[in-house]
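>>> sequence first, then the predicted structure:
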Amino acid sequence: MASQRVAVAGAVLVALGILSLWFWMGEPPEEPETKARPSSQEARTAARSPNAPSPKPPRGSREGAQPLPAAPQEEPTADGLLEVEVVSGNKPVPGVQVRLYVREPADLRSFPAQWSGGSQGETGATGRWAVAAAPGSYYVTARLPGRAPGYATVVHPPGPVRTQVQVRLEEGAEAYGLVLEKGTHEPISFAEVVFTPPAVNSISQGNSVAPEDERLVATTSETGEFRLPYLAPGRYRIEARAPGYAPAVLPSAPVPFGGRITLMLKPGGQLEGVVLRADGQPAAGAEVLADNWQHGATVRTDSAGQFSFELPPGSYTVSARSGEEAGVLKGVAVAVGQLVQGVRVQLGAGARITGKVVRKDGSPVLGARVETCLIELGCDDLTQHRQVFAGTDESGAFSLAPLAADLHSIRVLLPGGGRLRLRQVKLAAGEHSDLTFHCEPTDDLVCQLPESEAGSPHSTRASVQGRVLHSRGLPVRNVIMDIFSADPAQNGVGLSGKAIWAALQKRKATSYEFLSDRFELHGLALGPRMIIFSAEGMRASVLVDVRPGEHRDMEVTVSPAVSMRGRLIDAATHQPLDRAWMYHPLSSVISTGKDGRFALRALPAGEQLLLVLRNNPVRTATLHIVKLTTGPENDVGDIEVPAP
């Protein structure tokens, strides 16, 4: 059987935070200049002095902002209209300040994203606001004093059409925490804590890319504490930064967080430099990576090709890429309290590795992750900062470029967690290498052949394949599938007492990750299954009954998480069940109150499998299926639970 990643049911909270970074070779630079900087302890002492300014108030609530003029409710023009509806619960909200940002590039799957401010206005009595809009991708924000901001992304197509998008306002939550120095645990005052709100997830950068103006910032007090109110529920990128320290990042943190957030900053120095194209001109917008065994960070150059890092002490390899060019500079030393200047990364022709990942019969493997790194930096247990990676397409093909002229190690991670043997390739500037990787059925479930070993068209193996779409109808960049058994016997049904808990402890989810918008599995275990699809920070749930020889084709649309509430009642008496227990694979076990009511949050839309445990007179388990819509709040009403 293939090697598979296994996650314990009830603790599966999938977050995809994959960082894609590059390493390159360049010309030797001039000797870096080094200047002394105040120590981290001196910086803290100065920050705490009586003459230091008081902490700045958090940004983001924008209370007291001047109202924006309401935009005219126009009829569609040659470019059409973009109509924004703002609701709270199921009711329209008038008087909400709405702002649009236009994205470049327009393709939501392309990164990095650059946002420019567009139209702004105020919702009318119906909670709607419309404005003429050119074709493109938009980021929409809605703000009302005392409520959490609302966010949405939308694609407006060409032509005289009316594109509608809904933004929801909620009460919001408060995030609070501490910023401390790593090692000493001393508080760091006047550190900035930046929350990047939900947007379009970036595979290449591993975080949500949102307009700069919409990032929410709090500043720590003298005791290192921060608070940021009015945060909409969702997942945020949280970054803490302070002069003299390397930034600390939580790539995807939930709000509400469920407790105090603690961010640890390591004292370090600053590294500044420039990236030059092959023709000697500054490389604006180049991606720059500073990396060693313990730490890696990525920034982009400004219009003059300049970059700056705050890094822990150590020796770094600094690499950059822009377009089809790449370069690398090795052995750049950074010390605590120092400012290293004059670093120059010279770009040249980038090398390229292409190839395929196939099964033993030559059929393609879809969605495998092919990654490479410089041998010098170490390729065992690659960190997210050391990789250039790509996913295999429907023909099994991949392409890694641009790469530095150096010795590279290439490996393949299969969707079920299996790995193929490492390969090493020495590349010169501009060189192209082509590789083919073969996977055996024992390597991973995705390596199972579509038909039986004998080639019979009547194979008894079951398979499932299909594609996953963003809620806006766009293909996603990667798909995670968590498969749970929906078989009653494996969920404790028919058992009693401690035997139920013993069965639940054996329940496990099998996980697969496809670096593609498509998925394909052969040789699935038979029987009823609940499949939870996760992509772009959204989810969907589907119940399937896997039968021998069945080949199922699916199209799944993921959407933001929803909540569910309802009531458990006795099937015979229709009285509420007091202190019954309910279990969902993505949540912990919860109990009902005397009124039998329950509530679950952060669930995927679609078909759900609920396990209900009741205790009178003995503990028994029953399975129930409910279907949740994409609306944020689902009331499933009464669920009738049969008597033991």
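Sure, I can see it. Numbers count the residues shown, from 1 in each chain.
>>> measure the residue sitting furthest away from the middle of the chain to residue 420 for me?
In the chain, counting by Cα atoms, centre = their mean, residue 573 sits farthest out from the average C-alpha position, at 46.1 Å. Separation of residue 573 from residue 420 (Cβ to Cβ, to the nearest Å): 59 Å. Quick note: C-beta positions are derived from backbone N, CA and C, even for glycine.
>>> which residue ranges of the stretch 101-250 of the chain form strands?
Using DSSP state E, counting those that start in this stretch, the strands of the stretch 101-250 of the chain run over 114-122, 128-132, 136-143, 150-156, 162-168, 173-181, 192-196, 200-202, 207-209, 216-219, 225-231, 234-241, 245-246, 248-255.
>>> please apply the same query to the stretch 251-400 of the chain.
Assigned by DSSP E, counting those that start in this stretch, the strands in the stretch 251-400 of the chain fall at 261-267, 269-276, 287-291, 296-300, 306-311, 314-322, 325-334, 338-346, 348-349, 351-359, 369-374, 388-391, 397-403.
>>> partners of the first one, with directions?
Looking back up the chat, that one is strand 261-267. Applying DSSP bridges to the sheet, strand 261-267 is found paired with strand 173-181 (parallel), strand 245-246 (antiparallel).
>>> same question for the fourth one.
Based on DSSP bridges, the strands next to strand 296-300 in the sheet, each with its direction, are strand 287-291 (antiparallel).
>>> quick check: the residue farthest from the centre of the chain is in a strand.
No: Residue 573 is assigned coil when assessed by DSSP: H, G, I helix; E, B strand; the rest coil, not a strand.
>>> nearest approach to residue 559 belongs to which of the strands of the stretch 251-400 of the chain?
Judged by Cβ to Cβ, the one of these that comes nearest to residue 559 is strand 388-391, at 22.8 Å.
>>> now the weakest link among the strands of the stretch 101-250 of the chain, please, by mean pLDDT.
In terms of mean pLDDT, the lowest-scoring of these is strand 200-202 (a mean of 39).
>>> just to revisit the earlier point, would you mind measuring from the residue farthest from the centre of the chain to residue 566?
According to Cβ to Cβ, residue 573 and residue 566 sit 18 Å apart.
>>> OK, contacts around the closest residue to residue 135 other than its chain neighbours?
Computed as Cβ to Cβ, 6 or more residues apart in numbering, the closest residue to residue 135 that is not its neighbour in sequence is residue 158, at 4.3 Å. Residue 158 sits next to 79, 80, 135 when contact means Cβ atoms under 8 Å, 6 or more residues apart in numbering.
>>> state the pLDDT value of residue 158.
With respect to pLDDT, residue 158 scores 81.
>>> same question, residue 79
73.
>>> and the residue lying closest to it once chain neighbours are set aside, what does it touch?
Closest residue in space to residue 79, ignoring its immediate chain neighbours: residue 134 at 4.8 Å, by Cβ to Cβ, 6+ apart. For residue 134, the contact set (Cβ under 8 Å, 6+ apart) comprises 79, 102, 156.
>>> phi, psi of residue 446?
Backbone torsions of residue 446, given as degrees, to the nearest 10, read phi -70, psi -10.
>>> what about the closest residue to it other than its chain neighbours, neighbour count?
Leaving aside its sequence neighbours, residue 446 sits nearest to residue 415 (Cβ to Cβ, 6+ apart; 5.0 Å). By other Cβ atoms under 10 Å, 32 other residues sit near residue 415.
>>> likewise residue 623?
Neighbours around residue 623, by other Cβ under 10 Å: 15.
>>> equivalent analysis for residue 508, please.
16.
>>> across the sheet, point out what pairs with it.
residue 8.
>>> quick one, grab the pLDDT at it.
With respect to pLDDT, residue 508 scores 75.
>>> residues in contact with the residue nearest to residue 446?
367, 368, 444, 446, 512, 513, 514, 519.
>>> just checking, next helix/strand downstream of the helix or strand harbouring the fifth one?
Going back to what we said before, that points to residue 512. Here residue 512, judged by DSSP states H and E, is contained in strand 508-514. Counting by DSSP H and E, the next helix or strand C-terminal to strand 508-514 is strand 518-524.
>>> direction included, what does the helix or strand immediately after that next one in the chain pair against?
Later in the chain than strand 518-524, the nearest helix or strand by DSSP H and E is strand 527-535. Strand 527-535 pairs in its sheet with strand 479-485 (antiparallel), strand 538-546 (antiparallel), by DSSP bridges.
>>> distance check, the closest residue to residue 528 other than its chain neighbours against residue 611.
Excluding the flanking residues, the one nearest residue 528 by Cβ to Cβ, 6+ apart is residue 486, at 3.8 Å. Plainly put, residue 486 is 10 Å away from residue 611 if you go by Cβ to Cβ.
>>> need the overlap of contacts for the two.
Common contact partners of residue 486 and residue 611 (Cβ under 8 Å, 6+ apart): residue 623.
>>> can I get stretch 349-362 in CSV, CA atoms only?
Taking Å, rounded to 0.1, in the frame of the first residue of the first chain, the C-alpha atoms of stretch 349-362 are listed here in CSV:
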residue,chain,number,x,y,z
ALA,A,349,20.6,33.9,-17.9
GLY,A,350,18.6,31.5,-15.7
ALA,A,351,18.9,27.7,-16.1
ARG,A,352,15.8,25.5,-16.4
ILE,A,353,14.8,21.9,-15.4
THR,A,354,11.8,20.3,-17.1
GLY,A,355,10.4,16.8,-17.1
LYS,A,356,7.7,14.4,-16.2
VAL,A,357,6.5,12.2,-13.4
VAL,A,358,4.8,9.0,-14.6
ARG,A,359,3.6,5.6,-13.4
LYS,A,360,5.2,2.4,-14.4
ASP,A,361,3.0,2.1,-17.5
GLY,A,362,3.9,5.6,-18.6
